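>>> compute the structure for the input listed below.
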Amino acid sequence: MAENRILPRRSAKLVAGLVITLGIVVFAVVAPFLVQDPRFSGNDALLPPSADHLLGTTKLGYDVLAQLAHGARGSLVVGLAAAAIAIVLSLIFGIFAGYAGGWTDEILTMVTNIMLVIPGLPLVMVIAVYMQSRSLWLVAFILGITGWAGSAVVLRSQARSLRSRDYVEASQVAGERTVRILLVEILPNLLPLLAAQFLFAVVFAILGEAGLSFIGLGPNGSITWGTMITDAYGGNAMSAGAWWWFVPPGLLIAVFGAGLSLVNFSIDEVVNPKLRVVAEATGRRRATEASAPAAVPASPAEPKTEVTV
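Okay, the predicted model is just below:
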C-alpha cells in the first residue's frame, strides 16, 4: 500500500536546513548564559583567538564570542518579530482581499501595489532617521511594516483560487461567517505557503537590520550581528588584520540564511506540485540505483588456437 507523504522520503535539504537553523537558535538561547558580559572591556585589545578567548577580542577589549552570542539573540528577536508583523499584514491585505473581492479587493490591492512600488530600503531609512531612540523592537516594527507587500500578492492569488473550491462555496451557502470561512476553510490550506513566506521574511529582516546598522540606523545600545559588523568596520578591523572580529558575525548571517533557505526549498516541494513530482522521481531513481545489483564484469574470451596438420 502506497504511503502518502507531505515531504519527500529522504529530504537532505530539510535535514540540513533544520540542523543549521536549530543549532543557531540553540546557540542564541543558551550561549549568552555561558559567556562573559559582552560589554566587559577589561581584556586586552585585538587579541587573536586563544584558549582564554575562543574568538579573540575587539579593539575595545570586548570578547567576540560573548558579543556573537548576545548578537545572535538580538538578530533573532529582530528577524522573528519583523517576520510576524509582516505575515500578519500580508494576511490582512492578501487573504482577506483575495476572498472578499469587489471594492474591498481593489482598495487593499491598491495599497499593496503602492508598497511594492516604493523602494524598500529608502523607505526604511527615512522612517529610521526620524526615530532618534531605536530599540530592537522598533527596528523590527519598521522592517515588518515595510516588508509585507510581496507576501500579500502571493497569498491573494492563492486565496482567490481557494475561494471557488466546492467546500468554500458550501460553507457560504450554509451561511457560515466570513471569519470562520477564512480561519477554518482557507487558512489551513495556506499554512505551507505561510511558513515559506515567514522564513523568507526572517532572512529579509536580519539582512535589513544588518544593513541599517551598517549605515548607522540600527538599534541603539543593543548588540546584533549587524552592529558587530558595523563596529568592526568603524574600528578598522580589516586594516588591523583582525579577521576574527568581522568574519564570525558575517559567517553566521550567511549560514543562518542558508539554513532557512534549505528549509524553505523543502517547503516549496510541498507547495509546488511540479517540484514535488521532481523530488519524488529523483528519490525513486536513487533508490532504484542503490538496490540494483552491481554488473558482473564479463570474463575475457579465451584465445583461439589454430591446429595445423
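
>>> ranges for the helices of this structure?
Residue ranges of the helices in the chain, as given by DSSP state H, are 12-30, 64-90, 96-100, 102-117, 120-129, 136-145, 149-163, 166-173, 178-180, 191-214, 225-234, 237-240, 243-271, 273-291.

>>> neighbours of the closest residue to residue 145 other than its chain neighbours, just the number please.
Taking CB to CB, 6 or more residues apart in numbering as the measure, residue 145 lies nearest to residue 85, with 6.4 Å between them; neighbours along the chain are not counted. C-betas here are computed from N, CA, C, even on glycine. Close neighbours of residue 85, defined as other CB atoms under 10 Å, add up to 21.

>>> residue 85 is in contact with residue 146, isn't it?
No - assessed by CB atoms under 8 Å, residue 85 is found out of contact with residue 146, at 9.8 Å.

>>> low-confidence ranges, the protein, go.
Low-confidence segments of the chain, defined by pLDDT under 70, span residues 1-10, 271-309.

>>> state the distance from residue 162 to residue 155.
Distance of residue 162 to residue 155, given as CB to CB, to the nearest Å: 10 Å.

>>> quick one, which of those two is more surrounded?
Summary of the neighbour comparison: residue 162 and residue 155, criterion other CB under 10 Å, with residue 155 having more neighbours (27 against 19).

>>> isn't that one up against residue 196?
No - no contact is recorded between residue 155 and residue 196 when judged using CB under 8 Å, the distance being 10.8 Å.

>>> and for those two, which residues touch both?
Counting by CB atoms under 8 Å, 6 or more residues apart in numbering, residue 155 and residue 196 have no contacts in common.

>>> so what's residue 172 up against?
Residue 172 is in contact with residue 181, counting by CB under 8 Å, 6+ apart.

>>> for residue 178, see how far away it is.
Look at residue 172 and residue 178: by CB to CB, they are 9 Å apart.

>>> what is in contact with these two at once?
Shared contacts of residue 172 and residue 178, defined by CB under 8 Å, 6+ apart, are absent.

>>> residues in contact with the closest residue to residue 93 other than its chain neighbours?
Spatial nearest neighbour of residue 93, chain neighbours left out: residue 152 (4.3 Å); criterion: CB to CB, 6+ apart. Each residue near residue 152 by CB under 8 Å, 6+ apart is listed here: 89-90, 93-94, 97, 112.
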